[in-house]
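Participant: what's the 3D shape of this:
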Amino acid sequence: MENSKISIQELQELLNEKQPVFILDIRPQQQWEEWRIADSFHKDAYTELNNGDKNILDDINAPRNVPIVTVCAAGRVSQIATGLLNEKGYEAYSLEGGMKAWNYAWNKAEYTLEHTDVKIIQVRRVAKGCLSYIIGSGGEAIVVDASLDPEVYLDIAKEHNWTIRYVMDTHIHADYIARTRELAAASRAKHMLINNAEVEYPYTSIENHQAICFGDAELRVLHTPGHTWESTSYLINDTALLSGDTLFIDGVGRPDLKADGEEVVRKAGSLFDSLQRILSLQPDTIVLPAHTAGAVPFDGKIIKQSLAALMTEIDLLSLEKEAFIEVSLHRIPPTPPNYLTIAALNKKGSYEGVIPADLEAGANRCAIG
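Facilitator: Numbering: from 1, shown residues only. From the prediction side, this is the model:
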């Protein structure tokens with residue numbers, strides 16, 4: 001930390017190590033409500049700071065012996081806030097790059113399947129709630145839904161003495177640029193996708209119900225269309241389900257992206273059918289989704305839920321098909337920004353000439369609660 005600035009890596013390290021820090025977000029209320037750093041404090045001071053108001057932070061009740069990190073959208077106005085707080089005797093730093101940079105901060109949580117050596121590591125982009133997975137057994141690993149620099153997954157694999165054998169996505173993502181193809185090249189792993197995936201690059205085709213072995217574990221392919229036509233879930237050892245954007249721990253996938261009119265209705269019906277297939281699995285199956293709503297804390301607790309619990313907690317899962325279609329279409333959230341551009345880049349398999357951060361800023365909006 002220097003020049004009253006702190007990088008995302010430095011703040012990430014502080015939070016991982018449970019060091020005390022007071023995070024002060026000075027963006028407008030609506031921006032803070034949409035996406036933020038977990039456990040941050042909010043003061044809508046953006047306009048006033050821009051207008052030169054030197055007293056707008058006078059009522060901040062922060063501890064004097066704890067560093068303050070100020071946050072805005074891109075790291076400019078937060079520097080003004082930091083200057084005012086330093087003048088008041090606080091130890092304050094501005095988050096470099098703001099939330100746009102924090103979009104790539106991450107942490108992880110681990111889960112080991114009972115009576116096996118199968119370890120599931122959930123890698124979480126803490127601002128967007130994007131969840132990817134590296135699953136290891138017997139010295140081999142699979143990565144699903146890579147959304148960060150390949151080095152993140154390579155380092156985790158190295159730490160556990162795993163060789164990444166296969167990489168895959170649950171679907172063609174529309175809210176972030178997938179890094180799976182890059183990871184396949186960096187790790188020399190086999191890049192797999194369901195056989196109806198409409199992408200413009202070569203991949204190893206997999207089919208519904210196909211079993212893929214790695215180490216002493218087995219991944220079974222379950223085609224679960226609805227959110228997208230190629231949406232796929234992956235069942236690990238008949239015990240844990242990587243459910244992609246088909247089923248979340250607080251809702252189900254939205255069927256409207258890249259579709260309109262009658263196709264949305266067809267996709268909603270297909271989503272219902274896919275959810276029924278998932279609900280036919282063992283009730284104690286652990287569901288591990290590709291997203292979560294809201295900011296992810298640095299608590300080391302894996303985001304998961306049993307299928308039995310979800311059946312009682314998500315009202316949409318108790319509806320008949322016609323009612324499910326009607327209610328789910330009525331609850332569709334606002335369309336995410338840049339989703340067509342991001343989906344097109346993921347279909348192409350390249351983002352050359354594009355700065356991902358310019359497209360990916362903001363919360364994910366993949367779920368219907």
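Participant: CA atoms for contacts and neighbours, from now on please.
Facilitator: Noted.
Participant: contacts for the helix or strand containing Met311?
Facilitator: Per DSSP states H and E: Met311 is located in helix 307-313. Contacting residues not belonging to helix 307-313 are listed as Ile249, Asp250, Leu279, Gln282, Pro283, Asp284, Thr285, Ile286, Val287, Leu317, Ser318 [Cα atoms under 8 Å, 6 or more residues apart in numbering].
Participant: residues in contact with the fourth one?
Facilitator: Contact partners of Gln282, counting by Cα under 8 Å, 6+ apart, are Leu307.
Participant: now Ile6, nearest residue through space, not along the chain?
Facilitator: Leaving aside its sequence neighbours, Ile6 sits nearest to Leu95 (Cα to Cα, 6 or more residues apart in numbering; 5.1 Å).
Participant: Tell me how many other residues surround that neighbour.
Facilitator: 32 (other Cα atoms under 10 Å).
Participant: about what we covered before: okay, and which of the contacts of helix 307-313 map to strands?
Facilitator: Taking DSSP state E, the ones among the contacts of helix 307-313 that sit in strands are Ile286, Val287.
Participant: Generate a PyMOL selection restricted to the buried subset of the contacts of helix 307-313.
Facilitator: Only the buried entries of these go into this PyMOL selection, using 16 or more other Cα atoms under 10 Å:
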select buried, resi 249+250+279+285+286+287+317
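Participant: Closest one of the contacts of helix 307-313 to Glu34?
Facilitator: Asp250 (16.9 Å; Cα to Cα).
Participant: Could I get the contacting residues of the closest one?
Facilitator: Leu310, Glu313, Ile314, Gly369.
Participant: circling back to that earlier point, as TSV, the contacts of helix 307-313 with pLDDT and distance to Leu84 would be great.
Facilitator: Formatted as TSV, the contacts of helix 307-313 follow (pLDDT from 0 to 100; distance: Cα to Cα, whole Å):
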residue	pLDDT	distance to Leu84
Ile249	96	42
Asp250	94	41
Leu279	97	55
Gln282	97	57
Pro283	97	55
Asp284	97	53
Thr285	98	52
Ile286	98	48
Val287	98	46
Leu317	97	51
Ser318	96	54
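Participant: Now Asp256: closest residue in space that isn't a chain neighbour?
Facilitator: That would be Val264: by Cα to Cα, 6+ apart, it lies 5.2 Å from Asp256.
Participant: Alright, that wraps it up for me.
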